[in-house]
Each structure stands twice: as C-alpha cells, then as structure tokens.
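quick one, structure for this:
(one chain, ligands or ions: 1)
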Amino acid sequence: MLSFDAETTRVLDTAYVGADLTRRRQASFDALAPRPGDTILDIGCGNGLLTEELARAVGTTGKVIGIDPSEDMRASADKRCTGLDCVELIAGTAHDLPLQDTSVDRAVSVQVFEYIDDIESALTEVLRVLKPGGRIVISDIHFDTFTWFSDDPKRMDNMMASWDQHCVHRDVSAKLSALLAAKGHKVSDVHAHTMTDHVLKSDGLAVTMMHLMKAYAVANRHVDAETAEAWFDEQLNLASEGRFFFSMTQFVVMAQKTG
Ligand SMILES: C[S@@+](CC[C@H](N)C(=O)[O-])C[C@H]1O[C@@H](n2cnc3c(N)ncnc32)[C@H](O)[C@@H]1O
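Numbering: from 1, shown residues only. Alright, predicted model coming up:
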C-alpha cells in the first residue's frame, strides 16, 4: 500500500491546492453542508485542507476533529490549522475512533476508505460516533473509471496494475450502498465528480499521478526504473503533441444515520 510518509505528504501538499483537487474537495464539502456550530469529524484528514475549510464553516461555536494515523500528515495539518481554535487533530484510525458514542453531527472522509482493510467495521465505528440523523459523506475514486491514453498500452497496463496495489479497495464507492443498507441505513445520494484532462496541467491531478505512480512502481519493483521513466516521458511527449488524455471519477456517497 502507498505509505503516507514525509515524501508523499510533500507531493500531496502541492497537489491538493491545485485546481483539480480543490474542486474535488469542494464536492465533498458541498455534500456535507456544514452548519455553524456543528461538530464535524474529518476521518483521514491528511494535510488538513478540508479540515481548515470546515473549521471556517462551523465557526467558533463549532468543532472539527481531524483524525489520521500518519504523523507526517498530521504535522502538515497542524501547521495549516494554526490559529483555528475549533480544530482538534488526533492520532487514530477510522476503525478505532477515540470519541464518545453519538458525539458528532457530521462525518466526512475523502479518499481514505479505499485504504482501509475492513471497511465494514470502519463504517460501524463511524456510525457509532455519529448522532442519530447525522450525515456521513464518503468520497473515493472508483479505479475502474481510470483511463489514460498511451501509444504503448501494454506498458500503461503494467503501470495501472502496479497502481492498483497502492490501495486495498479500488471500488469502495460501489460497495458502500450495500454495506450501509445491511446496517439499516440508507444512501441518500451519490454524486460523480469526474476529473478529465486533455492537456497536462502543471497544477492538475494527472501530473501528480505521474510522479506518484512512477515512484510507487519502481519502489515496489513492479517495473524497472527505465520503463517507469519511459512511461513518464511518453506522457510529457503526448502532451506536447496535443495527444494527452486522462480521466478518473470520484464518487461522493451521502448517507443519513437512521436511529
Ligand atoms: C489520499 S490521503 C487523503 C487526505 C485527505 N482526506 C484529503 O482528501 O485531503 C489519505 C489519508 O488517509 C489516511 N489513512 C490511511 N489509512 C487510514 C485509516 N485506517 N483510518 C484513517 N485514516 C487513514 C492517510 O494517512 C492519509 O492521510
């Protein structure tokens, strides 16, 4: 699995303020619809960009609790949220939340559930801390929607197959409705948020994926360094020739806690 260490934190610190990932974050923010005074749980808060935005929305009468197992990510979130007294950052995981039953109004998780082994017990845990009627928003990429043009489809397939191993569930968004229904809760809506590029934007998602996928494939010996470099360079060349195409879809799943 991808390690959320200092290097990944550094790459994501830059990528997450880019236009593509800002819009993606906005889709989850809108689905959550934070209100002044709310207590909100941000599960896998990472470098804290959404945590900060939620803190401004709940105001001084509200509270935002960011939970993340990565010390490097929490350090970045801590720096970002300096001066926001309503933010509390805690070390922890989705399946073992250090919070009381029915203590939060809303819970959100962006691009985290795909990394969680036991999504069913994580869901049970999040629902435990949510107040009755509280809203939960879980948003993840469905990797079946990941498509990327190449003149060397076999090499692209190898790079995609490598990246498939960076997470646990490549299709978690498709599983959530059934898991919630089995627990007696109902998904109220699912929004698709597609990120498509026909140019290689310097602040886009595609260029971030190029760096992350190249490093991941080589570090895990899925391909050799020369192959990964050639794959990377091909995308630069395709972009300069006006033949670049990249697309993936994030699904924003919204549910209400019953009872
Ligand atoms: C791709 S980042 C997303 C960060 C943030 N939610 C965002 O969208 O900006 C994934 C985050 O999930 C965290 N994470 C991984 N496994 C987790 C788990 N079991 N429970 C909670 N967070 C987890 C990682 O440490 C990392 O910060």
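
what's the burial count for residue 121?
13 (other Cβ atoms under 10 Å). For every residue, glycine as well, the C-beta is placed using N, CA and C.

could you measure from it over to residue 96?
Residue 121 is 9 Å from residue 96, where distance means Cβ to Cβ, to the nearest Å.

same check, this time on residue 135
Distance, residue 135 to residue 96, by Cβ to Cβ: 22 Å.

ramachandran coordinates for the residue of the chain at minimum distance from the ligand?
Nearest residue of the chain to the ligand: residue 46, at 2.4 Å (Cβ to the nearest ligand atom). Backbone torsions of residue 46, given as degrees, to the nearest 10, read phi 60, psi -130.

share the number of residues neighbouring it, please.
Neighbours around residue 46, by other Cβ under 10 Å: 25.

apart from its chain neighbours, what residue comes closest to it?
Spatial nearest neighbour of residue 46, excluding adjacent residues (Cβ to Cβ, 6 or more residues apart in numbering): residue 73 at 4.8 Å.

which positions in the protein make contact with the ligand?
Residues of the chain lying close to the ligand (Cβ under 6 Å from any ligand atom) are 4, 16, 43-46, 49-50, 68-70, 73, 93-94, 110-112, 115-116.

filter these down to the ones in helices?
Using DSSP state H, 49-50, 73 are the members of the residues of the chain next to the ligand that sit in helices.

which one among the residues you listed gets closest to residue 252?
residue 50 (12.4 Å; Cβ to Cβ).

got the contact list for the closest one?
Listed by Cβ atoms under 8 Å, 6 or more residues apart in numbering, the contact set of residue 50 reads 25, 28-29, 42, 108, 110.

number of nearby residues for the closest residue to residue 9 other than its chain neighbours?
The shortest distance from residue 9 to any non-neighbouring residue, by Cβ to Cβ, 6+ apart, is to residue 72 (4.3 Å). For residue 72, the count of nearby residues is 20 (other Cβ under 10 Å).
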